[in-house]
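Undergrad: Sequence first, then the predicted structure, then my questions.
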Amino acid sequence: MPIHLPQLTRRDFLKRAALAGVAAVLAPNAFAKTSDEDMLAFFSDTHIAADPAEIARHVNVADHLAAAVRDFAAWPVSPAAVIVNGDLALKEGLPGDYATFGKLIDPVRALAPIHLSLGNHDERQNFWSAFPADAAKTAEAALQRQASVFATARANWFLLDSLEATNISEGELGSAQLAWLTAELAARPAKPAVVVVHHNPATSTQKASLKDVDAFLEVLASHRQVKACVFGHTHDWHVETHASGVHLINLPPTGYVFKDGRPSGWVRATLTDDSAEFELRSLDRTHPEHGQIKKLAWRTA
Ligand SMILES: [Zn+2]
């Protein structure tokens, strides 16, 4: 069974914050919040370097993540879970990158269970060394990927690992992981499923960066409980629906964008039994897409 680091208690968080020498970013009432079992929060493409002063493509990436964490922490309720969908590290997944990322993300751990996945700018062994308690313990040790499944009230969440080679843009799931996904889906036929992966499948605006995209989309399309696929990598907030009826949700980066004018930020999702809403929380409150809510009806079983 996958093992994920449980939520920190208030006391543990304050102890860790004190040890790390970081200013507490949480309001005193943050721990008094109720949890919304139908809400999830997504961060992606944080691109954190060891040095918190690192500027990447004109952006202080640590400041961006800290701002996203503050906005998340100020939300009136806390989510059932938080997913950080890959490219946690700046470029090569160095140990120091993960040390700084860990400090920046700690306030989130205090508010909700967190699930970390990997992108092409991560390094799997360094990640596992930095976050041993977050390492996905898949049933098949042979998989050796950060792949796992967890359940919330209204959906099963399948987290995949498309990191093929560090600092090479394209990714691949591989036949072993696709077989694992197929088996895990088959074991959970009834509840809606959302599949989360770093690399993008083909959309109307971007060509696929996942080498085995056809086999992947076939697995999604043929399992009727799969309702949506959430991904990052393109640094470009965008939502559309695949011909199969599976919704494709391209997360924004918390770090830098590739195209001027695109938003950085995080995404808040709220599920019902037959639909979901995905809301963009832009770091720039004046961005025209800030607060944009995409309402997505689930395809029928
Ligand atoms: Zn990225």
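TA: Cool, the structure landed.
Undergrad: Which residue ranges of the stretch 1-150 of the chain form helices?
TA: Using DSSP state H, counting those that start in this stretch, the helices of the stretch 1-150 of the chain run over 10-20, 61-74, 95-109, 124-130.
Undergrad: Out of these, flag the one nearest the ion.
TA: Counting by Cβ to the ion, the ion lies closest to helix 61-74 out of the helices of the stretch 1-150 of the chain; the figure is 10.4 Å. Any C-beta I mention is one placed from the backbone N, CA and C, and that applies to glycine too.
Undergrad: Relative to residue 81, which of the helices of the stretch 1-150 of the chain is closest?
TA: The closest approach between residue 81 and any of the helices of the stretch 1-150 of the chain, judged by Cβ to Cβ, belongs to helix 95-109 at 10.5 Å.
Undergrad: any chance of the helices of the stretch 1-150 of the chain in JSON lines, with mean neighbour count, mean pLDDT and distance to residue 179 too?
TA: Listed next are the helices of the stretch 1-150 of the chain as JSON lines, based on neighbours: other Cβ atoms under 10 Å; pLDDT from 0 to 100; distance: least, Cβ to Cβ, whole Å:
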{"stretch": "helix 10-20", "mean neighbour count": "14", "mean pLDDT": "67", "distance to residue 179": "38"}
{"stretch": "helix 61-74", "mean neighbour count": "20", "mean pLDDT": "97", "distance to residue 179": "35"}
{"stretch": "helix 95-109", "mean neighbour count": "21", "mean pLDDT": "97", "distance to residue 179": "29"}
{"stretch": "helix 124-130", "mean neighbour count": "17", "mean pLDDT": "96", "distance to residue 179": "19"}
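Undergrad: Export these to a markdown table and append columns for distance to residue 221.
TA: Below are these laid out as a markdown table (distance: least, Cβ to Cβ, whole Å):
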| stretch | distance to residue 221 |
| --- | --- |
| helix 10-20 | 42 |
| helix 61-74 | 32 |
| helix 95-109 | 33 |
| helix 124-130 | 28 |
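Undergrad: which residues of the stretch 101-250 of the chain fall in strands?
TA: In the stretch 101-250 of the chain, the segments counted as strands under DSSP state E, counting those that start in this stretch are 114-117, 148-152, 155-159, 193-196, 226-231, 238-241, 247-250.
Undergrad: Please identify which of the ones you listed is closest to the ion.
TA: When these are ranked by proximity to the ion (Cβ to the ion), strand 226-231 comes first, at 10.9 Å.
Undergrad: what's in contact with the closest one?
TA: Applying Cβ atoms under 8 Å, 6 or more residues apart in numbering, the external contacts of strand 226-231 come out as 42, 83, 85, 155, 185, 192-201, 219-220, 242, 246-251, 276, 296, 298-299.
Undergrad: again with stretch 175-186
TA: With Cβ under 8 Å, 6+ apart, stretch 175-186 has contacts from 138-140, 142-143, 145, 147, 149, 158, 160-161, 173, 193, 195, 212, 215-216, 219, 223, 225-226.
Undergrad: Go again with 10 Å.
TA: 138-140, 142-145, 147-149, 156, 158, 160-162, 172-174, 193, 195, 197, 212, 215-216, 218-220, 222-226 (Cβ atoms under 10 Å, 6 or more residues apart in numbering).
Undergrad: could you flag which of those are buried?
TA: 138, 143, 145, 147-149, 156, 158, 160-162, 172-174, 193, 195, 197, 212, 216, 219-220, 223-226 (16 or more other Cβ atoms under 10 Å).
Undergrad: In CSV, list the strands of the stretch 101-250 of the chain along with distance to residue 65 and mean pLDDT.
TA: Below are these laid out as CSV (distance: least, Cβ to Cβ, whole Å; pLDDT from 0 to 100):
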stretch, distance to residue 65, mean pLDDT
strand 114-117, 13, 97
strand 148-152, 23, 96
strand 155-159, 20, 98
strand 193-196, 19, 98
strand 226-231, 19, 98
strand 238-241, 21, 97
strand 247-250, 19, 98
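Undergrad: thinking again about what came up before, can you redo the helices of the stretch 1-150 of the chain as JSON lines, where the extra columns are distance to the ion?
TA: Output for the helices of the stretch 1-150 of the chain, formatted as JSON lines (distance: least, Cβ to the ion, whole Å):
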{"stretch": "helix 10-20", "distance to the ion": "25"}
{"stretch": "helix 61-74", "distance to the ion": "10"}
{"stretch": "helix 95-109", "distance to the ion": "13"}
{"stretch": "helix 124-130", "distance to the ion": "15"}
